[in-house]
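K.L.:
Need a 3D model of the sequence below.
(chains A and B, ligands or ions: 2)
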Amino acid sequence: MTGQVLVSKSLETLRTVKVSQNMDGLLKIHRRNPNSEDRSTRAESFSFPISKGMTVLDALLWVKEHVDAGLAFRYSCRMGNCGSCGMMVNGKPRLACETQISEVGNRVEVAPLPGFPLVRDVVADFDTFFRRYSEIKPHLIRHETENDRPPQIELLQTDEQLRDYYQFSMCIMCGLCDSACPIVAGDPQFLGPQALAQAYRFAADSRDQGWKEREKIIDTVHGCWDCRVAGSCSAVCPKGVDPDLGIQLLKRKLLAGRFKPALVPEAQ
Amino acid sequence: MRESTLQLINIAMIMALLLTLPVHFAMQAFLGVGGYTQALAYNTVADRYQTLITITLLTVLLAAASYHGLYGLRRILLEFKSGPTWDRLVSAGTLAAGLVILGWGLRTIVVMGWGI
Ligand code: SF4
Ligand code: FES
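P.N.:
Ligands and ions are numbered 1, 2, ... in the order given. Alright, predicted model coming up:
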């Protein structure tokens, strides 16, 4: 199809927009506005011109710019760093800005991340996700007295100590892991792979002294023991964090601590 | 009780099952008097409650199997619904069921072993 954009609003309505490019891509978007009168989900298809290196986010931006300014999606960095643009792309949770059209074919279907409440179109509500994350106290905890502040010593780390948690600190909080997790889908009390992997990130940090506090939160039936090692979180993580590994390491640390608390060393 | 403690007990029970089950099956199949064909005859079964080794074996088997089974059942039931009340109900229910099974099983062992 050349020279026109086909926008099938529904089977009945068909709108065309004149442009002078090859419209060889078709973007199907699952759209819904929970705050409008019509709360039903509808799939709308938009054709768009494919260019070299184009990403799914570029296609969405093209549609928003040229066809439907009301289309809602979230993005910021456009380079896989901010974690804003997570959505289902051809049935798989992915970052729209990191997914090239050439990877997924010229027929692209996007939908909001499952397991999250919907704001609009493909924008998911991350409130619960961030609440779960803040539950595990995602910051370095130090048991210093007033006299120690500011810290009297520099908290140095060896390369090895850095390696213990580095991979887990790569998380950009895109939520893809939680959306892929079958336990998150079924148990609203589950902390989820992202929060648990971050609990391990701090547990493995030699500078942190907050294990006792976090242990109470994660050593529960809806904490790390709710994980059944499906592994889907790690399969979709765009940053190679491997949250599944983090959860299993947490379990190991908890069990080791039951035998001998000395196996879980306190930070310096 | 911490979930890791329950999990640790579960692992210990799995180990116990791995050790006791083969012996139990071997006793049924070929170690007992009369071999496989007489394995479930009344006298053969009753005989098993007469020696300390088999009584210990059966007690360990009973405790391990009921803990492991009920721990698994608890995890399945916890998936059905969500909420602290349901969690408490399921945990208390499976604990009560465990105590009943253990009590009933031990009663059988005592009655058969000591003829009370
Ligand atoms: S662990 Fe991976 S998939 Fe999950 S939020 Fe972090 S970066 Fe995203
Ligand atoms: S826009 Fe930032 S990760 Fe995609």
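
K.L.:
where does the nearest residue to residue A:64 once chain neighbours are set aside land in three-state SS?
P.N.:
Nearest non-adjacent residue to residue A:64, counting by CB to CB, 6 or more residues apart in numbering or on different chains: residue A:71, 4.8 Å away. Backbone N, C-alpha and C define where each C-beta goes, glycine included. Following DSSP: H, G, I helix; E, B strand; the rest coil, we place residue A:71 in the coil state.

K.L.:
all strands for the stretch 51-200 of chain A, in order.
P.N.:
For the stretch 51-200 of chain A, applying DSSP state E, counting those that start in this stretch gives strands covering A:86-89, A:92-95, A:107-111, A:118-120, A:123-124.

K.L.:
So is stretch A:238-248 next to ligand 1?
P.N.:
Yes. Applying CB under 6 Å from any ligand atom, one finds stretch A:238-248 in contact with ligand 1 at A:239, A:241, A:243.

K.L.:
Start and end of that stretch, how far apart?
P.N.:
Stretch A:238-248 has an end-to-end distance of 19 Å (CA to CA, to the nearest Å).

K.L.:
list the buried ones in it?
P.N.:
Neighbour-count burial for stretch A:238-248, counted by 16 or more other CB atoms under 10 Å in any protein chain shown, picks out A:238-239, A:241-248.

K.L.:
How about stretch B:14-34?
P.N.:
B:16-17, B:20, B:24, B:27-28, B:32.

K.L.:
How about stretch B:2-17?
P.N.:
B:3-4, B:6-7, B:9-10, B:13, B:16-17.

K.L.:
Now residue A:142. Nearest residue, chain neighbours left out?
P.N.:
Per CB to CB, 6+ apart, closest to residue A:142 is residue A:209, 5.5 Å.

K.L.:
Assign that neighbour to helix, strand or coil.
P.N.:
Per three-state DSSP, residue A:209 ends up coil.

K.L.:
Any idea how many residues pack against it?
P.N.:
For residue A:209, the count of nearby residues is 17 (other CB atoms under 10 Å in any protein chain shown).

K.L.:
wait, isn't it in contact with residue A:139?
P.N.:
No. Between residue A:209 and residue A:139 there is no contact under CB atoms under 8 Å: 11.7 Å.

K.L.:
rewinding a little: take the buried residues of stretch B:14-34 and write them to a markdown table, including secondary structure and pLDDT.
P.N.:
As requested, the buried residues of stretch B:14-34 are exported to a markdown table (DSSP: H, G, I helix; E, B strand; the rest coil; pLDDT from 0 to 100):
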| residue | secondary structure | pLDDT |
| --- | --- | --- |
| B:16 | helix | 96 |
| B:17 | helix | 97 |
| B:20 | helix | 93 |
| B:24 | helix | 88 |
| B:27 | helix | 81 |
| B:28 | helix | 78 |
| B:32 | coil | 68 |
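
K.L.:
ok so residue A:206 is a strand residue?
P.N.:
No. The assignment for residue A:206, made by three-state DSSP, is coil rather than a strand.

K.L.:
and residue A:43, helix, strand or coil?
P.N.:
With three-state DSSP as the basis, residue A:43 sits in strand.

K.L.:
Pretty sure residue A:28 is one of the things it touches, is it not?
P.N.:
Yes. If you go by CB under 8 Å, residue A:43 and residue A:28 touch, sitting 5.4 Å apart.

K.L.:
Tell me which residue is most central in chain B.
P.N.:
By CA atoms, centre = their mean, chain B has its centre lying nearest to residue B:62, at 2.1 Å.

K.L.:
contacting residues around that residue?
P.N.:
Listed by CB atoms under 8 Å, 6 or more residues apart in numbering or on different chains, the contact set of residue B:62 reads B:101-102, B:105-106, B:109.
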